[in-house]
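Trainee: Predicted model and sequence below, questions to follow.
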Amino acid sequence: MDQIRIRGGRPLEGSIRISGAKNAALPLMTASLLTDETLTLTNLPFLADITTLVQLLMQHGVQIGMRDSGAGHVLEMTAKEITSTTAPYDLVRKMRASILVLGPLVARCGEARVSLPGGCAIGTRPVDLHLKGLEALGAEIELANGYVHARAPKGLAGGHYVFPFVSVGATENLVMAASLAKGESTLVNAAREPEVADLAKCLVGMGAKIEGIGTDTLTIQGVPALHATEHRVVADRIETGTFAMAAAATGGELELVGAELSIIDSVAEALDKAGVEIVETENGLKVRRRNGLVGVDVMTEPYPGFPTDMQAQMMALMSIAEGASMITETIFENRFMHVPELARMGANINVHQSSAMVRGTKKLTGAPVMATDLRASVSLVIAGLAAEGETVINRVYHIDRGYERIEEKLKACGADIERVGS
Ligand code: UD1
């Protein structure tokens, strides 16, 4: 298994191209199931999760061509015929986002059988809202043998669904399903994440009728069929925030090419309070810390609040800030697995239920550490870049699920980082 080895203490200087967002790309790819015409996605990141979803979609009968444009990958997907409406366990278990085929399949074919994604390291993560929402659109749902079986023999019908709490994936599943349902649907308390808005814009490009994009109430007029379109995947706001924090942690200056300030508001605000400057440039954003870092409190919330996917990275940064920082996680119940690893590097962190009190130390020191999930792993990269001495991160396949060529991007900006096979 590969490891990443970092010798810390070098400020990052230079520019990094921000990739398309993984969390937008995955639902966008499943939208290809909604039409028999070709959906072309550009600015796609090339990641392990994308390959997993390519395999799943091909298994449903989608014909897929992929090429590297030099500035992101281009994916052409044509689901002329759906050859299987079953998403099997061996593919779904690799990636929870596979549940996103459920809505499109039942909407287009009147039936779908999707394996339940099962547990996940960062929490139990049930799919009950996906299922209740589909029931509101007229689907009959049955759970048996570890599979969800959804049926709508006469097609889905427009419906009204109020989410009891915000779910990104369930909103995406329902907005796709409702696009082909008969009549009008309203989704209330819908997720407002930029990736949801990106999906909705692509669906509109395919002929869907959606109002309220970017708000918490989506109104969808179902149409009988969707058609071909080309769509550019929105910039990855989590990758943007991650590299911004890496620049700040090492005391360097980075230009993040293709990054958009408007979708990282809450992160930019927290960084500003912590003493990090982010300014817009012609090509994206420039990031550097003003003087020393100071501790700030953050609480994760649905968009536009501080993203849970940035919590671990923020904790790594706060580990070397002056003063204390209270970091509260409200989205996932078990998302502090990076704490013991950061502690091995000298961070002073105390967890009490869903809050972590971080007391900044002057220096972290390199150590062998273990990646436990995607964002936790990258927090260790940030810590390693800022630490004195050598850090070796094990189980880096977690990082490869969400960060495209991370060591190459960092190396080009002066980091002493390499991937080694073990
Ligand atoms: C998406 C992102 C993930 C991010 C998360 C929250 C993708 C591929 N993944 O995940 O990176 O961390 O949003 O911003 O886009 N829940 C239920 N029942 C459901 C659905 C969700 O109880 O049916 C709970 C979850 O366990 C969690 C919370 O709701 O506690 C939010 O989850 P959700 O927004 O659905 O996350 P995902 O779409 O899985």
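Mentor: Received it, and whenever you're ready, just let me know what you need.

Trainee: Residue 303 against residue 192, yeah?
Mentor: Yes: applying CB atoms under 8 Å as the test, residue 303 and residue 192 come out as touching, 5.1 Å apart. All C-beta atoms are positioned from the backbone trio N, CA, C, and that covers glycine.

Trainee: how about stretch 293-306: buried residues?
Mentor: Neighbour-count burial for stretch 293-306 flags 293, 294, 295, 296, 297, 298, 299, 300, 302, 303, 305, 306 (criterion: 16 or more other CB atoms under 10 Å).

Trainee: For the stretch 151-300 of the chain, which segments count as helices?
Mentor: Using DSSP state H, counting those that start in this stretch, the helices of the stretch 151-300 of the chain run over 168-179, 194-205, 237-250, 265-273.

Trainee: so how many other residues sit close to the residue of the chain found nearest the ligand?
Mentor: Closest to the ligand within the chain is residue 169: 2.8 Å, counting by CB to the nearest ligand atom. The criterion is other CB atoms under 10 Å. On that basis, residue 169 has 23 neighbouring residues.

Trainee: Residues of the stretch 201-350 of the chain that sit close to the ligand?
Mentor: With CB under 6 Å from any ligand atom as the criterion, the stretch 201-350 of the chain comes near the ligand at residues 308, 309, 331, 332.

Trainee: from those residues, which two are the most distant?
Mentor: Greatest spacing in those, by CB to CB: 309 and 332 (9.9 Å).

Trainee: of those two, who's got more company?
Mentor: For residue 309 and residue 332, the more surrounded residue by other CB under 10 Å is residue 309, and the numbers stand at 22 against 19.

Trainee: Check what pLDDT the more buried one gets.
Mentor: The model reports residue 309 with a pLDDT of 96.

Trainee: any low-confidence regions in the stretch 251-400 of the chain?
Mentor: Using pLDDT under 70 as the threshold, the predicted model of the stretch 251-400 of the chain has no low-confidence range.

Trainee: if we go to 90?
Mentor: 333-334, 371-376, 395-400 (pLDDT under 90).

Trainee: mind listing the strands for it?
Mentor: Using DSSP state E, counting those that start in this stretch, the strands assigned to the stretch 251-400 of the chain run over residues 253-257, 276-280, 284-289, 298-299, 324-328, 348-352, 355-359, 368-370, 390-394.

Trainee: Show me the one of those strands that comes nearest residue 9.
Mentor: It is, among these and with distance given as CB to CB, strand 390-394, at 10.3 Å.

Trainee: Buried ones in the closest one, by neighbour count?
Mentor: 391, 392, 393, 394.

Trainee: Just say helix, strand or coil for the residue nearest the centre of the chain.
Mentor: With distances taken as CA atoms, centre = their mean, the chain has residue 23 as the residue nearest its mean C-alpha position (3.6 Å). Residue 23 carries the three-state label helix when classified by DSSP: H, G, I helix; E, B strand; the rest coil.

Trainee: That one contacts residue 168, correct?
Mentor: Yes: taking CB under 8 Å as the contact criterion, residue 23 and residue 168 are neighbours in contact, 7.5 Å apart.
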